[in-house]
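# Quick check, what structure comes out for this input:
(one chain, ligands or ions: 2)
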Amino acid sequence: MNSDDFRSIKQLLSKPKKIVIVTHRNPDGDAYGSSLALYHYLLKLDHQVTVVSPNDCPDFLKWLPSQDKIVIFENEVKAASKILDEADIIFTLDFNALHRVGTMMQKALEKVSPIFIMIDHHQQPDGFAEYTYVDPKVCSTCQMLYQFMDKLEQLALIDKDIATCLYTGILTDTGSFRFSSTTSLTHRIVAHLMDEGANHAEIYNQIHDVNTYNRLQLLGRALDNMKVISEYHTAYIILSQRELSRFNYKKGDTEGFVNYALSLKNVIFAVIFIEDKKQGIVKISFRSVGDFSVNEFSRKHFNGGGHINAAGGRSEDSLKGTVSEFLNILPLYKEELIESNEK
Ligand code: 5GP
Ligand code: MN
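Ligands and ions are numbered 1, 2, ... in the order given. Have a look, this model is predicted:
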């Protein structure tokens, strides 16, 4: 986006509008952090603002300021569709293809014709928005949103709530500032957010120190199930619906499990396969270190995408069938994996 685009958006936002903010299905810290930060920011500019999320978030995000104001599309299809219908502007945050909101909400979004503004950090955005502000090198949508506010010369509007929401998304999408997407600019932004009232210790506790006994037991099972294929520098974990149910699986419980596989010495490619009988799919998370692109791997073979080092995908085959397909594909990448491990 160029400076003319930012000028047009600033102009557009200079008078009160009906604005809706939408984010992707199964929202994470960056999705809800950016949506709620933008919500508080636009309220300060006197707009009428609603956040519509396709489905609910995990419990560890339920404390975010005004989280309780979010309209959950799948719980209130009629009311939420009406809100989308009446919007002058729809911001889409933390996703780059409409199908990421789920089939039902995608249909609702395809019917309406407001001005779409996309703010995101995933690779290869679809062209559905009038304004697309995307940089795949940036660690999080929350950092993109901070830069967006900066371009609109409105950083002074950042208060404790906005700072808290932005900090949360940056924290979660950088794996607590450890992923290579974290830059000195990220740290400068975070310093500013702390100055404006983001309480780093409290936010970290809210997100990470909320384990349940069942979740740790499920993690134990996941680690027990982990397989390593050393010649491909690859490790993977399988969790069946039976195992999930046995440990009373709640949304968000498997968050971060795949990183244990990636933390193994000499492993640069890690995968977790999670069976979801209700949706009739296997949800897959891919992670890598270095230049092996899981975005490309997932796009090509598992209907997904994301970033170079973190991507998601899905399969409609059985759990067994999905894993065996993966194991059949893997040899095609042997050289790439070995080369990437040597770098
Ligand atoms: P996760 O494995 O945590 O679900 O997702 C990792 C990254 O890939 C996230 O940035 C997420 O937005 C993205 N992602 C997850 N699933 C999909 C998918 O099905 N399609 C695309 N394009 N991106 C995905
Ligand atoms: Mn994100």
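
# Ligand 1 contacts on the stretch 201-343 of the chain?
Counting by Cβ under 6 Å from any ligand atom, the stretch 201-343 of the chain comes close to ligand 1 at 285, 304, 305, 306, 307, 310, 311, 312, 313, 314. C-beta coordinates here come from the backbone N, C-alpha and C atoms, glycine included.

# Looking at those residues, spot the one nearest residue 222.
Distance to residue 222, by Cβ to Cβ, is smallest for residue 285 among these, at 11.7 Å.

# Does that closest one fall in a helix, a strand, or a coil region?
Three-state call for residue 285 (DSSP: H, G, I helix; E, B strand; the rest coil): strand.

# Next, count neighbours for it.
Residues within reach of residue 285, counting by other Cβ atoms under 10 Å, total 25.

# cool, residue 207 as well?
With neighbours defined by other Cβ under 10 Å, the count for residue 207 comes to 18.

# helix or strand for it, which one?
helix 200-208 (DSSP states H and E).

# Mind giving me the packing neighbours of whichever helix or strand comes after that helix?
Downstream of helix 200-208, the first helix or strand assigned by DSSP H and E is helix 213-225. Contacts defined by 3 or more Cβ pairs under 8 Å, 6 or more residues apart in numbering; DSSP states H and E place helix 213-225 against strand 234-239, helix 241-246, helix 257-262.

# hmm, try it at 10 Å
strand 234-239, helix 241-246, helix 257-262, strand 269-276 (3 or more Cβ pairs under 10 Å, 6 or more residues apart in numbering; DSSP states H and E).

# Pull the contacting residues for residue 240.
Each residue near residue 240 by Cβ atoms under 10 Å, 6 or more residues apart in numbering is listed here: 221, 225, 246, 273, 274, 275, 277, 282, 319, 320.

# May I have the helix holding residue 207 as CSV, with CA atoms only?
The C-alpha trace of helix 200-208 is given here as CSV (Å, rounded to 0.1, in the frame of the first residue of the first chain):
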residue,chain,number,x,y,z
HIS,A,200,4.1,-8.1,30.2
ALA,A,201,4.2,-10.4,33.3
GLU,A,202,0.4,-10.3,33.7
ILE,A,203,-0.2,-11.0,30.0
TYR,A,204,2.3,-13.9,29.9
ASN,A,205,0.6,-15.4,32.9
GLN,A,206,-2.9,-15.1,31.5
ILE,A,207,-1.8,-16.9,28.4
HIS,A,208,0.6,-19.5,29.6
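
# Pick out the residue of this protein closest to ligand 2.
Nearest residue of the chain to ligand 2, counting by Cβ to the ion: residue 30, 3.4 Å away.

# I'd guessed that residue sits against residue 119; true?
No. Here residue 30 lies out of contact with residue 119, judged by Cβ atoms under 10 Å, at a distance of 11.1 Å.

# residues contacting the residue in the stretch 101-250 of the chain that ligand 1 sits nearest to?
Per Cβ to the nearest ligand atom, residue 122 is where the stretch 101-250 of the chain lies closest to ligand 1, at 6.1 Å. Residue 122 is in contact with 24, 94-97, 100, 134, 136, 141, 295, 305-307, 310-311, counting by Cβ under 10 Å, 6+ apart.

# By neighbours, which of these wins?
Comparing the contacts of residue 122 on neighbour count, residue 141 comes out first with 33 neighbours (neighbours: other Cβ under 10 Å).
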